[in-house]
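Q: below are the sequence and a predicted model for it; my questions follow.
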Amino acid sequence: MLAGCGTPQAPVTPGAVKVAAAENFWGNIAAQVGGRHARVTSILSSPAADPHPYDSDVASALAVPRARLVIANGAGYDEFMCQLLGATVNAGRVALSIQEVLGAYGPAQAVSAVTQQVRALVLERREPAGMKAAVRGCGPGFQG
């Protein structure tokens, strides 16, 4: 792993679910919930990084299409994720929009809702309810 790229985590179980998170905050939650059953890549690993001017690199261009779960803020906050998702097709991929979670639950329940969705997909290996909707801010092409 390159310095500053991705989220370090414990040894991973073979067959672990690949997760790509736009920011390390969401990647850390996915890693904590999924444990050794998740292989998490956080595209922006520094909390000081500004997602607005970010241009994707080779590592992120590979992580997103290979991921089973992609977590993005949506609403134009991390536009690079819209571009990466729009450039690839993965019928088995689930795209989780934090904006959609906030709209459905409100800020107080956002982390809990994200945790439940990650648990369903990574640990229980089931499709979370309502996860195939387009993500606000990415247009109709931002699908799982």
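A: Alright, I've got the coordinates. Residues are numbered from 1 along each chain as shown.

Q: buried residues, the helix or strand of the chain with the lowest mean pLDDT. List them.
A: Sorting the helices and strands of the chain by mean pLDDT, DSSP states H and E puts helix 98-105 at the bottom, at a mean of 76. Residues 98, 99, 100, 101, 102 are the ones in helix 98-105 that count as buried (16 or more other C-beta atoms under 10 Å). Backbone N, C-alpha and C define where each C-beta goes, glycine included.

Q: before we move on, what about stretch 64-79?
A: Using 16+ other C-beta under 10 Å as the test for burial, stretch 64-79 gives 64-65, 67-75, 78-79.

Q: so which of these sit within strands?
A: Cross-referencing the buried residues of stretch 64-79 against strands under DSSP state E gives 69, 70, 71, 72.

Q: quick one: least confident of the buried residues of stretch 64-79?
A: Least confident of these in the model: residue 75, at 76.

Q: pretty sure that one sits against residue 99.
A: Yes - the pair residue 75 / residue 99 is scored as a contact, 4.1 Å apart, by C-beta atoms under 8 Å.

Q: how about the most centrally placed residue in the chain: which residues does it bridge to?
A: Centroid-nearest residue in the chain: residue 71, 2.0 Å away (criterion: C-alpha atoms, centre = their mean). Applying DSSP bridges to residue 71 gives these bridge partners: residue 21, residue 96.
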